[in-house]
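# turn this into a model:
(4 chains)
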There are 2 protein chains.
Amino acid sequence: MAAAKKPVDRRAQIVEAASKSFAMFGYKATTMELVSKIAAVGKGTIYTFFATKEELFSEIIGQLSKELREVAERTIDHDRPFFDNLSEALHELLLFREKHELIVKLSQEVRDIGTPMAKDGIARLEQGILAFIQQEVSYGIDKGELRGANPQLTAFVMLRLYLALSLEWSKQHKPLSRKEAAGYFGELLRDGLAVR
Amino acid sequence: MAAAKKPVDRRAQIVEAASKSFAMFGYKATTMELVSKIAAVGKGTIYTFFATKEELFSEIIGQLSKELREVAERTIDHDRPFFDNLSEALHELLLFREKHELIVKLSQEVRDIGTPMAKDGIARLEQGILAFIQQEVSYGIDKGELRGANPQLTAFVMLRLYLALSLEWSKQHKPLSRKEAAGYFGELLRDGLAVR
DNA sequence: AACTGACCAAAATTTCAATCCGGTCATTCG
DNA sequence: CGAATGACCGGATTGAAATTTTGGTCAGTT
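Numbering: from 1, shown residues only, chains lettered A, B, ... in the order given. Modelled structure (predicted):
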């Protein structure tokens, strides 16, 4: 219903062109003129569909966020134990993230020049992941696999911990193998550190 | 032995002056000229004791790191349970950090303009904390309170987790009280999340 | 009616002279 | 005579003006 079919769907052309440009040059260096060139469309036409550059960007982040969620959802199998699902899903998300050029480019842009809009985009993606984890945590609590303290905080801790283990640790040490990371992560979250 | 006593100890004068200036204006805005003025000393005299501005700064970070360690050491009582000590010590360190003007100023400078030398200083302080935690973790393992996986990684995870809980969480949510944070932190690390 | 690109004001970038700063060293002081 | 000093140097930084770029508009074209 949203997408009527025409000889050529200009809106889709534009979104695709913008997507490429944002991934290739980042938010700041992507100009509306450039997008119009790639889309083979007059600059004015873009403004028929999107009121501002930010709105166009937002549409693309929205699509990407949805895609991210689908990746995560696809790796979850509610018949398996909670912690297996969790570290599997986080691993898939991390791979996706590392491979997806737009995300890589935006992260770099945030790091190097701190473009506020790029920050915003990354934050939205992270927020989406957080919401997903929280949903799974709540499910795990319902199923009785998980102790039921504050699911929001728990989801937050899980994400931070996973990122620390898989990204930050390797900044100063030999990176953990996928197996080591998942093992340590799962063990710590499941059973804690105390000798019992 | 290192500090001979003279009518006035110029070296100490200089270090104190520099310390004040770094805390007041940050690394970048502290000029050698300014330090010499505060220390009531000719600029050239500074170079009798420190070859470069960086070396002077390094000396001060070294002192501060030692001070930090003393604060942590003072709150540890090896007769108490490991996790009590841990969250107590981390809390003390956080308070110290928040109160210490030099650390606050340097953090701000890193955030706002990313001065490499300031980054470096903060990194060294964090490294010191990490080494301290690691030592305590090893001790906890020896005493049989802690499961004995990779102490370095464990220390790293503990610090990240504590910082996430006490600093990052509050960027987007109502901050946790000291009690909530310590409670959640201790419980998660000690016992994990799984229902048993 | 859909589309275009020349056009505009605001923002970003470049340029470049003026200033500043870390570090040196010939001179001074005690 | 040796410790201390501050004028001095060149490279880096800053600020402001000039120039270019860019998000967004809209009169004109198809």
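# where does chain A have low pLDDT?
Along chain A, segments meeting pLDDT under 70 span A:1-7.
# let's go with 50 and repeat that
A:1-6 (pLDDT under 50).
# tell me how many other residues surround the residue in it positioned nearest to DNA strand C.
Chain A approaches DNA strand C most closely through A:Gly44 (1.8 Å), counting by Cβ to the nearest atom of the strand. C-betas here are computed from N, CA, C, even on glycine. Neighbourhood size, A:Gly44 [other Cβ atoms under 10 Å in any protein chain shown]: 9.
# and the helix or strand containing it, what's buried?
Using DSSP states H and E, the element containing A:Gly44 is helix A:43-49. Within helix A:43-49, the residues scored as buried using 16 or more other Cβ atoms under 10 Å in any protein chain shown are A:46, A:49.
# for it, name the packing helices and strands.
helix A:10-25, helix A:32-39 (3 or more Cβ pairs under 8 Å, 6 or more residues apart in numbering or on different chains; DSSP states H and E).
# right, so of these, which gets closest to chain B?
Proximity to chain B (Cβ to the nearest Cβ) singles out helix A:10-25 among the helices and strands packed on helix A:43-49, at 22.6 Å.
# is any part of the closest one close to DNA strand D?
No. For a cut-off given as Cβ under 7 Å from any atom of the strand, helix A:10-25 has no contacts with DNA strand D; the smallest distance is 9.3 Å.
# now tell me what touches that helix from outside.
Contact with helix A:10-25 is made by A:3, A:30, A:34-36, A:38-41, A:45-46, A:48-50, A:56-57, A:59-60, A:63, A:101-102, A:105-106, as judged by Cβ atoms under 8 Å, 6 or more residues apart in numbering or on different chains.
# list the buried ones in it?
Neighbour-count burial for helix A:10-25 [16+ other Cβ under 10 Å]: A:10-11, A:13-15, A:17-23.
# one more: stretch A:178-192?
By neighbour count with 16+ other Cβ under 10 Å, stretch A:178-192 contains the buried residues A:181-182, A:184-186, A:188-192.
# ok, so of the residues you listed, who is nearest A:Glu136?
A:Leu189 (12.6 Å; Cβ to Cβ).
# surely the closest one and A:Leu161 touch.
Yes. With contact defined as Cβ atoms under 8 Å, A:Leu189 and A:Leu161 form a contacting pair (7.3 Å).
# tell me which residue is most central in chain A.
Centroid-nearest residue in chain A, with Cα atoms, centre = their mean: A:Leu125, separated by 4.2 Å.
# ok, and the closest non-adjacent residue to it?
A:Ser65 (5.7 Å; Cβ to Cβ, 6 or more residues apart in numbering or on different chains).
# just the CA trace of whatever helix or strand the one you found lives in, in PDB.
Following DSSP H and E, the helix or strand that holds A:Ser65 is helix A:53-75. Only the C-alpha atoms of helix A:53-75 are listed here, as PDB (Å, rounded to 0.1, in the frame of the first residue of the first chain):
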ATOM      1  CA  LYS A  53      18.400  15.800   4.600                       C
ATOM      2  CA  GLU A  54      17.800  14.600   8.200                       C
ATOM      3  CA  GLU A  55      14.500  13.100   7.300                       C
ATOM      4  CA  LEU A  56      16.100  11.200   4.400                       C
ATOM      5  CA  PHE A  57      18.800   9.900   6.700                       C
ATOM      6  CA  SER A  58      16.200   9.000   9.300                       C
ATOM      7  CA  GLU A  59      14.300   6.800   6.800                       C
ATOM      8  CA  ILE A  60      17.500   4.900   6.000                       C
ATOM      9  CA  ILE A  61      18.400   4.400   9.700                       C
ATOM     10  CA  GLY A  62      14.900   3.200  10.200                       C
ATOM     11  CA  GLN A  63      15.200   0.600   7.500                       C
ATOM     12  CA  LEU A  64      18.600  -0.500   8.800                       C
ATOM     13  CA  SER A  65      17.300  -0.800  12.300                       C
ATOM     14  CA  LYS A  66      14.500  -3.100  11.000                       C
ATOM     15  CA  GLU A  67      17.100  -5.200   9.100                       C
ATOM     16  CA  LEU A  68      19.200  -5.500  12.300                       C
ATOM     17  CA  ARG A  69      16.200  -6.700  14.300                       C
ATOM     18  CA  GLU A  70      15.400  -9.300  11.600                       C
ATOM     19  CA  VAL A  71      19.000 -10.700  11.800                       C
ATOM     20  CA  ALA A  72      18.700 -11.000  15.500                       C
ATOM     21  CA  GLU A  73      15.200 -12.500  15.400                       C
ATOM     22  CA  ARG A  74      16.300 -15.000  12.800                       C
ATOM     23  CA  THR A  75      19.000 -16.500  15.100                       C
END
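# before I go, just wanted to say thanks for your time.
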